[in-house]
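S.K.: sequence plus predicted model, see below.
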Amino acid sequence: MPKTTPFVTSLILGSLLSSAPLFARDKGARLDIDHVLLISVDGLHALDVSRYIKSHPHSALAELAAHGTTYSNARTPANSDSFPGLLALVTGGSPISHGVFYDVSYDRTLFDPTNVTCSGQAGNMTVFDETIDVYDANNVSQNVIDPTKLPRRLDAHGRCVPVFPHDFIKSNTIFEVVRAAGGQTAWADKHPAYDLVNGPSGRGVADLFTPEITNNNGFDATASVVCTAENDQKKVAAILNQIQGRNHDGTRSPGVPSVFGMNFQAVSVGQKLKKDNFDSSCADDTDPAINGQPGGYVDGSGTPSAVLAYGLDKTDQALRSMIDGLERQGIYDRTLFIVSAKHGQSPINIAKLNKPGHFGDLVAALPGASTDPAAQAIVSAANCATGACGFVMDDDVALIWLQDQSQTAAVAAYLNANTGPLFIDEVMAGDELRLKFNDPANDNRTPDIIVQPIYGTIYTTSGKKVAEHGGFSFGDANVGLIVSNPRLRGRVLKTPVATSQVAPTILRVLGLDPDALDAVRKEETQPLPGLGD
């Protein structure tokens, strides 16, 4: 079959030994990698991968692991929200380089969406979630972004313009590098806000498909693992069309993408739901073994509930359909198949779950908080709805942007003095924060303080979920990672790696220079070790 991209390089053992090859000792086999299929299974822990393969030896995951490297100690490089988690996979970096901490965060240089003249003091929360979609009268997303809901900035010509998700990212993506080299690219994800992966050029992904999974004030598929799996299947159908060389919707034939992939949500939803289909909104969710049953894990050893097991099974069946499609097309042996995750989920052990309330409310309730300047700085930021007054983003982490950054040391000291009632494990600020991230005094995105709570704590009172992500805990950050090709031998590598190493690996196997990625150059990210050793 003819090659589908003009730049693909055959990886031959002898010719690559001098250039740190990925497949240097794979029994001397010749590997022609024309395509990379990148899959993110949100919430998928390394533990989930191990347990599933053991209990399902004939599964798709087991097949991929049987001829690939399974990294059992892979972690996200920074906080584990979906945005930085995906950007790790496609930029090769962390918020140090791509500048994105959360889908809802803060930027000291931007303005409110309604401030169409960008007047007054800069600084505003930045929202890139389902709320920025265009909706019809029935609150059904039209799967496009409404520019009037986006934060605004002054451009180089002094014009006040909306900031699209792809404008928000500070480093380029693998999709941009591959397209610049003449390759075809595609991606499918859960919100139109994943325009993010287009990168600063806005043109990285030739075929972007983003069917909304959570309609704002409308139908929310994530209330049910069954309806979530159905939303996943829309994206699976897109992948199967692309494997056949067509666009996601089956129209025209641009050729099989050089780099393509999608995000799965069913595992993440299966991990989080306290009660499946709690609002009875999913008409197709009728199996009594799942409908109305608890999600999450049965025990601290990672035994999945029936709800989570359903999400794992449906995802594995979808992976099997992709393998079958690649085989039918005759390109399975020339495709690098990567399965990982944007983030994990915590707690695995339901006994650790603690939902005490939102972080700002907990601070406000402390004795003397109403008159303490440090406490009030936090409460003020948490209550800021718009404008240059700071922000607090909380989940199983708390990211704090202060209105007055000179208060940082005092606020950190206050939090360290109240770790007990605030369920804090670690307060990251000052020198400690600057060791891991850019200096917030000089960087418009970096929080002034990051709070990692005690494992199992989620800063919410919501009764819908029994797990979340966003923080730095092992459950949040330790994710599954399999890099597979039929000509590789199966192995498990326990050496610590970061998911950011996936991006330079992808470019290397396609014969492209990983240093074409801004984040790789800035953070000196290396390709994954151990493939084919």
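M.R.: Right, received. Where do you want to start?
S.K.: which secondary structure state is assigned to the residue nearest to G92 when sequence neighbours are not counted?
M.R.: Spatial nearest neighbour of G92, excluding adjacent residues (C-beta to C-beta, 6 or more residues apart in numbering): A503 at 3.5 Å. The C-beta positions use only the backbone N, C-alpha and C, and glycine is treated the same way. Using DSSP: H, G, I helix; E, B strand; the rest coil, the structure places A503 in helix.
S.K.: pretty sure A503 is in contact with L87, am I right?
M.R.: No - A503 sits out of contact with L87 when judged by C-beta atoms under 8 Å, with a separation of 9.2 Å.
S.K.: mutual contacts of these two, please.
M.R.: 93, 173 (C-beta atoms under 8 Å, 6 or more residues apart in numbering).
S.K.: from D81, how far out is the residue nearest to G92?
M.R.: 18 Å (C-beta to C-beta, to the nearest Å).
S.K.: what does K54 give?
M.R.: Counting by C-beta to C-beta - K54 and D81 are separated by 30 Å.
S.K.: pick out whichever of those two has more residues nearby.
M.R.: D81 (27 against 9; other C-beta atoms under 10 Å).
S.K.: OK, contacts around that one?
M.R.: Contacts of D81 by C-beta under 8 Å, 6+ apart are 101-103, 343, 395, 469-470.
S.K.: mind redoing it with 7 Å?
M.R.: 102-103, 343, 469-470 (C-beta atoms under 7 Å, 6 or more residues apart in numbering).
S.K.: which of those sits closest to G202?
M.R.: Within the contacts of D81, the smallest distance to G202 is 18.3 Å, found for D103 (C-beta to C-beta).
S.K.: can I get the longest helix seen in the chain as PDB, trimmed to CA atoms?
M.R.: Using DSSP state H to define each element, the chain has its longest helix at helix 306-329. Once non-C-alpha atoms are left out, helix 306-329 reads as follows in PDB (Å, rounded to 0.1, in the frame of the first residue of the first chain):
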ATOM      1  CA  ALA A 306     -20.200  -2.400  38.000                       C
ATOM      2  CA  VAL A 307     -20.600   1.200  36.800                       C
ATOM      3  CA  LEU A 308     -16.900   1.600  36.300                       C
ATOM      4  CA  ALA A 309     -16.500  -1.900  34.900                       C
ATOM      5  CA  TYR A 310     -19.000  -0.900  32.200                       C
ATOM      6  CA  GLY A 311     -17.000   2.200  31.300                       C
ATOM      7  CA  LEU A 312     -13.800   0.100  31.100                       C
ATOM      8  CA  ASP A 313     -15.400  -2.600  29.000                       C
ATOM      9  CA  LYS A 314     -17.000  -0.100  26.500                       C
ATOM     10  CA  THR A 315     -13.700   1.700  26.100                       C
ATOM     11  CA  ASP A 316     -11.800  -1.600  25.500                       C
ATOM     12  CA  GLN A 317     -14.400  -2.600  22.900                       C
ATOM     13  CA  ALA A 318     -13.900   0.700  21.200                       C
ATOM     14  CA  LEU A 319     -10.100   0.200  21.200                       C
ATOM     15  CA  ARG A 320     -10.700  -3.300  19.600                       C
ATOM     16  CA  SER A 321     -12.800  -1.700  16.800                       C
ATOM     17  CA  MET A 322      -9.800   0.600  16.100                       C
ATOM     18  CA  ILE A 323      -7.400  -2.300  16.000                       C
ATOM     19  CA  ASP A 324      -9.700  -4.200  13.600                       C
ATOM     20  CA  GLY A 325     -10.100  -1.100  11.500                       C
ATOM     21  CA  LEU A 326      -6.300  -0.600  11.200                       C
ATOM     22  CA  GLU A 327      -5.900  -4.300  10.300                       C
ATOM     23  CA  ARG A 328      -8.600  -4.100   7.600                       C
ATOM     24  CA  GLN A 329      -7.000  -1.100   6.100                       C
END
